[in-house]
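Novice: Next come a sequence and a model predicted from it.
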Amino acid sequence: MKPQLEYQRNLRHSPAFDSYGNLFILVLIESWAFSTRARDNCGPCGFGFLILPIVLIKLMGLLASGVPLSWSDTKRYARYIQEEGIKEFIYLYRTLRSRTKYALKWGDEVEYSLVRFDPVTGEAQLLLAASELLKELGGQTNENSFIWQPEYAEYMIEGLPGRPFGQLLHAFSTVESNMRKRRQALMSHLPEGCCALSISVFPRLGCPNFTYPPAAPNPTKGASKSLFYPDAAINQGHPRFKTLTHNIRERRGSKVAINVPIYRDTQTPDPFVEDFSALHDGSDPDAASAALPNHVYMDAMGFGMGCSCLQITFQACCIDEARILYDQLATLCPIIMALSAASPAIRGYLVDTDCRWNIISASVDDRTTEERGLKPLQNDRFVIPKSRYDSISSYISPMGEAYNDLPLVYDPVFYNKLVAEGVDHLLAKHVAHLFIRDPISAFGDRLVPPPDEVFVEHFENIQSTNWQSMRFKPPPVDSSIGWRVEFRPTELQLTDFENAAFTTFILLLSRTILKLKLNLLIPLSKVDENMKVAIKRDASRSGRFYFRRGHLLTTDCSPMEVTKACAQYCCRSARPESEKRTSGNALLGNPSPSDITKPGVESSSHNLPEDSYTLMSMDEIMNGSDNFPGLIPLVRHYVDAAGGEGATLSLVHRYLDFLEQRASGVLKTTASWMRSRIMSHPDYKNDSRIPSSVNADLMRECWAITQGDIRPPDLLPSEDFSNTHVPNYSRLKCSQFCSSNGTEGGLLDPYALSTLAGEGSC
């Protein structure tokens with residue numbers, strides 16, 4: 001029996017149908033089934049019977065959100081959705097793989113937390129108002145309008161620029177102002193006494209009375225069944241979020257179990273063991289078995305998906321370039337996450353980690369006991385090493401193949417299908433790996449593809465619920481958009497300046513990698529080890545990360561002039577001031593055909609993958625050492641060569657100065673700063689607990705920093721700079737890097753940089 005016909009039969013008894021209570025839905029499904037039978041029996045003429053469902057759709061005006069299926073129904077159609085999703089990807093790949101010569105376009109996504117300060121008690125609470133606010137914000141239409149989207153929690157709103165930023169260097173001068181205007185637009189709709197904070201984690205998330213209006217959790221009913229996190233805190237405007245929450249719990253066979261090590265202070269109980277008897281259900285079986293001693297226990301998806309982050313998406317010039325960027329930037333994920341760390345506390349406790357990554361990974365871990373390897377496989381097909389929210393598991397560019405040292409779990413049936421349809425083995429394994437996951441939400445009215453549109457929702461269903469550190473994104477159908485890559489691990493910062501600095505750096509580093517044909521790859525197992533280091537307390541200052549050796553940064557594709565440019569900067573201090581900044585106008589020429597080498601093939605003369613890396617500090621990776629040029633100096637070099645207005649260059653170098661100071665330890669991460677403010681508060685009792693008074697004062701101080709009313713010198717750089725700001729290259733010590741191709745110092749050839757448009761790899 002075909003799935004759509006079985007669905008027609010089962011819908012009458014589905015909770016989705018009972019909750020919708022609309023006869024027209026049944027008529028719609030009946031008409032789909034009738035038209036399908038007619039098409040199968042009558043051939044092309046059968047499509048005439050599709051008029052009825054099309055008319056019904058237009059007349060009924062169904063919401064795009066549709067009718068969410070129960071987990072039992074979703075599970076029943078899981079294989080069908082997967083199979084159709086694979087077909088949809090093959091269609092996308094065949095249709096869109098030839099798209100090329102796309103100019104760079106990019107944008108950021110900021111997830112704001114709505115915070116209310118109680119006028120009587122002074123307590124800071126999360127405001128449950130996102131659904132209503134989105135209705136107001138969605139009605140705005142003007143030239144400065146932004147894109148507003150719902151997020152998981154009812155206290156979260158995601159804001160995006162109304163249109164993507166372009167390829168010109170000038171665009172970087174507008175990122176911060178765009179973020180500022182975005183926040184101001186959101187603030188104009190908030191009630192008095194409320195603010196839109198860009199924090200990664202609300203410190204008392206899950207504590208009693210952490211929301212306004214107050215909402216109590218219900219451990220026996222609802223989507224979460226949490227001891228701490230109420231369903232009222234889940235977005236109320238779209239059924240997808242509660243459906244995901246319910247289905248993850250149902251698929252797993254228990255509530256999610258999140259355990260984060262407690263920060264051990266002088267008065268922290270030893271052992272630290274929580275007593276849940278004072279909560280709504282002290283006999284909760286999951287809590288009794290899942291809560292670990294000396295850990296803060298959490299039991300709901302909201303503790304992870306209710307956190308916020310900064311995400312950056314950029315359009316590549318072609319599919320090959322997108323795959324290169326996906327791989328190269330994957331090695332940066334733990335580095336940027338540690339540098340942006342902003343999550344030292346949750347559920348009213350200081351924890352011994354600084355990032356939200358392990359929390360959010362556990363919060364959506366729907367793997368069964370068999371898939372987690374706790375029981376022999378009997379009902380499930382695979383033992384899966386990672387949650388569906390985790391670091392990537394394979395490189396997808398030809399250059400990255402040699403560094404794929406993780407055992408990759410993928411569906412062999414789907415892999416063979418993809419390869420048979422012309423998808424290369426690396427990309428086929430990537431997609432077949434995504435599709436080992438079941439869909440965890442499905443909508444009744446979207447199960448059967450409408451006949452009048454190109455349907456890719458089954459692919460996106462699986463793709464969008466694989467929340468990995470990087471995301472490789474095919475173009476939307478019927479659009480002029482190219483292949484894209486999304487950088488996902490960055491923690492959210494308090495100020496628009498900081499968020500703009502991280503956004504600008506990541507984008508410019510991607511351009512530097514492409515234009516200078518650099519190679520940052522290391523074995524993927526070492527990237528995973530770096531992810532574990534990155535979440536640790538004070539990892540940015542004290543952690544050591546595996547990173548590519550300096551003399552192996554170039555490839556056979558790298559222009560010889562890149563190493564000459566590094567030599568130029570090594571002796572920069574001996575040059576007259578007039579020669580220290582290379583004119584960008586002389587560097588905007590196009591490469592000659594003989595100079596262009598297709599990227600993605602590593603030199604066989606380079607060391608083997610196991611010899612390609614060494615341990616480095618954050619300061620060495622970002623700012624350089626005797627054996628490594630440093631990512632920030634390389635980006636500075638790229639920016640100077642690209643040219644631009646003085647004010648724009650000054651602002652970009654100011655962003656880089658900030659990141660340089662944070663990487664060197666001169667400035668604290670947001671997590672370290674928050675931790676120090678909590679521990680120095682007079683109401684803190686050195687027991688790792690965060691009283692409501694401490695939380696309220698911290699949130700007020702965060703808001704004052706966001707507004708620019710205060711500027712902590714240990715968190716933010718001073719403002720005494722001018723448009724004649726000269727970047728600091730004194731840390732660029734790259735003797736090994738400069739000699740890797742046996743070149744002497746010299747000026748940068750016009751090949752090295754052309755424009756920011758990102759066309760060099762295609």
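Specialist: Thanks, I have it.

Novice: Against residue 337, how distant is residue 672?
Specialist: 14 Å (C-beta to C-beta, to the nearest Å). C-beta: built from backbone N, CA, C; applies to glycine.

Novice: Who has more neighbours out of these two?
Specialist: Comparing residue 672 with residue 337 by other C-beta atoms under 10 Å, the one with more neighbours is residue 337, at 28 against 23.

Novice: Wait, residue 685 touches residue 267, no?
Specialist: Yes - using C-beta atoms under 8 Å, residue 685 is in contact with residue 267, at 6.1 Å.

Novice: so what secondary structure elements neighbour the lengthiest strand in the chain?
Specialist: Across the chain, the longest stretch assigned as strand under DSSP state E is strand 106-117. When contacts are defined as 3 or more C-beta pairs under 8 Å, 6 or more residues apart in numbering; DSSP states H and E, strand 106-117 sits against strand 124-127, strand 156-160, helix 175-187, strand 194-197, strand 310-315, helix 496-515, helix 692-707.

Novice: any idea how far stretch 468-477 is from the chain center?
Specialist: Distance of stretch 468-477 from the chain centroid (C-alpha atoms, centre = their mean, to the nearest Å) equals 11 Å.

Novice: quick one, strands of the stretch 451-600 of the chain?
Specialist: Along the stretch 451-600 of the chain, counting by DSSP state E, counting those that start in this stretch, strands occupy 467-468, 470-473, 484-487, 544-548.

Novice: quick one: strands adjacent to the shortest one?
Specialist: Pairing partners of strand 467-468, with direction, according to DSSP bridges: strand 389-390 (parallel).

Novice: again with the third one
Specialist: Within its sheet, and counting by DSSP bridges, strand 484-487 is paired with strand 310-315 (antiparallel), strand 470-473 (antiparallel).

Novice: Touching the longest one from outside, list them.
Specialist: By that I understand strand 310-315. 102-111, 164, 325, 340, 473, 481-488, 490-493, 499, 502-503, 506-507, 510 (C-beta atoms under 8 Å, 6 or more residues apart in numbering).

Novice: Pull the contacting residues for residue 547.
Specialist: Neighbour list for residue 547: 331, 335, 520, 522, 613-616, 620-621, 628 [criterion: C-beta under 8 Å, 6+ apart].

Novice: correction: residue 110
Specialist: Contacts for residue 110 (C-beta under 8 Å, 6+ apart) come out as 158-160, 179, 182, 198, 308, 310, 492, 499.

Novice: What of residue 209?
Specialist: Each residue near residue 209 by C-beta under 8 Å, 6+ apart is listed here: 123, 125, 692.

Novice: and if you look at residue 302?
Specialist: 152-153, 205-206, 224, 226, 229, 233-234, 245, 363.

Novice: Can you tell me how far it is from residue 127?
Specialist: On the measure of C-beta to C-beta, residue 302 and residue 127 end up 15 Å apart.

Novice: Residue 527 contacts residue 330, doesn't it?
Specialist: Yes - at 6.2 Å, residue 527 counts as touching residue 330 under the criterion of C-beta under 8 Å.

Novice: which neighbours do these two share?
Specialist: 391-392.

Novice: coming back round to it: and the contacts of residue 209, which are buried?
Specialist: Buried members of the contacts of residue 209, scored by 16 or more other C-beta atoms under 10 Å, are 123, 125, 692.

Novice: hang on, isn't residue 197 packed against residue 701?
Specialist: No - the criterion here is C-beta under 8 Å, and residue 197 misses it with residue 701 at 11.0 Å.

Novice: more crowded one of these two?
Specialist: A count of neighbours by other C-beta under 10 Å puts residue 197 above the other of residue 197 and residue 701, at 21 against 17.

Novice: Tell me who's in contact with the more buried one.
Specialist: Applying C-beta under 8 Å, 6+ apart, the residues near residue 197 are 112-115, 494, 699, 702-703, 706.

Novice: hmm, try it at 7 Å
Specialist: 112-113, 115, 699, 702-703, 706 (C-beta atoms under 7 Å, 6 or more residues apart in numbering).

Novice: Let me know the closest of those to residue 377.
Specialist: residue 113 (40.9 Å; C-beta to C-beta).

Novice: distance of the closest one from residue 510?
Specialist: 28 Å.

Novice: For the longest strand of the chain, list every residue counted as buried.
Specialist: 106-117.

Novice: got those residues as a markdown table, with pLDDT and distance to residue 676 columns?
Specialist: Formatted as a markdown table, these follow (pLDDT from 0 to 100; distance: C-beta to C-beta, whole Å):
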| residue | pLDDT | distance to residue 676 |
| --- | --- | --- |
| 106 | 97 | 34 |
| 107 | 97 | 33 |
| 108 | 98 | 28 |
| 109 | 98 | 29 |
| 110 | 99 | 25 |
| 111 | 99 | 25 |
| 112 | 99 | 24 |
| 113 | 99 | 21 |
| 114 | 99 | 26 |
| 115 | 99 | 21 |
| 116 | 99 | 25 |
| 117 | 99 | 22 |
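
Novice: The residue nearest to residue 210 when sequence neighbours are not counted: how many residues sit nearby?
Specialist: Leaving aside its chain neighbours, residue 210 sits nearest to residue 204 (5.1 Å; criterion: C-beta to C-beta, 6 or more residues apart in numbering). Applying other C-beta under 10 Å, we find 26 residues neighbouring residue 204.

Novice: residue closest to the middle of this structure?
Specialist: residue 488 (1.9 Å; C-alpha atoms, centre = their mean).

Novice: Can you give me the pLDDT of that residue?
Specialist: pLDDT for residue 488: 99.

Novice: can you tell me how far it sits from residue 471?
Specialist: For residue 488 relative to residue 471 (C-beta to C-beta), the value is 6 Å.

Novice: you'd agree residue 536 is up against residue 543?
Specialist: Yes - Residue 536 is in contact with residue 543 according to C-beta atoms under 7 Å; the separation is 6.2 Å.

Novice: between the two, which one's more packed in?
Specialist: residue 543 (22 against 18).

Novice: From residue 126, how far off is residue 522?
Specialist: Here residue 522 is placed at a distance of 39 Å from residue 126 (C-beta to C-beta).

Novice: same question but for residue 328, I mixed them up
Specialist: Where residue 126 is concerned, residue 328 sits at a distance of 37 Å (C-beta to C-beta).

Novice: tally of neighbours for the closest residue to residue 92 other than its chain neighbours?
Specialist: Distances taken as C-beta to C-beta, 6+ apart place residue 474 nearest to residue 92, at 4.6 Å, with adjacent residues excluded. When neighbours are defined as other C-beta under 10 Å, residue 474 has 24 of them.

Novice: so what's residue 474 up against?
Specialist: 92, 96, 483.

Novice: swap the cut-off to 10 Å and go again
Specialist: Applying C-beta atoms under 10 Å, 6 or more residues apart in numbering, we find residue 474 in contact with 88-89, 91-93, 95-97, 99, 319, 322, 456, 459-460, 463, 481-484.

Novice: picking that back up, turn the strands paired with strand 484-487 into CSV, including mean neighbour count, distance to residue 350 and mean pLDDT.
Specialist: Listed next are those as CSV, based on neighbours: other C-beta atoms under 10 Å; distance: least, C-beta to C-beta, whole Å; pLDDT from 0 to 100:
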stretch, mean neighbour count, distance to residue 350, mean pLDDT
strand 310-315, 22, 23, 98
strand 470-473, 21, 30, 99
